[in-house]
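>>> Sequence unavailable; structure follows:
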């Protein structure tokens, strides 16, 4: 438990930057790739339905938060593995 808190204290700046960059990247990708309108087919007909502004923003936030957490997790794993590899080479 002590080692985890020590790791977080040492790499706090790197973790915060990863959270922020992951959020911004997720927001940009969500805006570029997420459609604001869906086409649903029922009995061979197509019906287009749009999202409300609230639904669209909430879906963008969900994408951004998930990407932020993934980038942070990958950064922490990379940092920990890099640290372990350096200690093993000494």
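Structure received. Keep in mind that this is a model prediction, so the values were computed, not measured.

>>> where's the residue nearest in space to the middle of the chain, which helix or strand?
Nearest to the geometric centre of the chain sits residue 67, at 1.0 Å (C-alpha atoms, centre = their mean). Under the criterion of DSSP states H and E, residue 67 resides in helix 53-89.

>>> which intervals of this structure have sub-threshold pLDDT?
1-5, 42, 44, 89-90 (pLDDT under 70).

>>> re earlier: and the residue nearest to the centre of the chain, what is it in contact with?
By C-beta atoms under 8 Å, 6 or more residues apart in numbering, the contact set of residue 67 is 22-23, 25-26, 29. Any C-beta I mention is one placed from the backbone N, CA and C, and that applies to glycine too.

>>> Now list the buried members of those residues.
Buried members of the contacts of residue 67, counted by 16 or more other C-beta atoms under 10 Å: 22-23, 26.

>>> Dump the residues you listed to a markdown table, plus distance to residue 84 and secondary structure.
Formatted as a markdown table, the buried ones among the contacts of residue 67 follow (distance: C-beta to C-beta, whole Å; DSSP: H, G, I helix; E, B strand; the rest coil):
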| residue | distance to residue 84 | secondary structure |
| --- | --- | --- |
| 22 | 23 | helix |
| 23 | 28 | helix |
| 26 | 28 | helix |
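
>>> Would you quantify the distance from residue 29 to residue 17?
For residue 29, the distance to residue 17 (C-beta to C-beta, to the nearest Å) stands at 18 Å.
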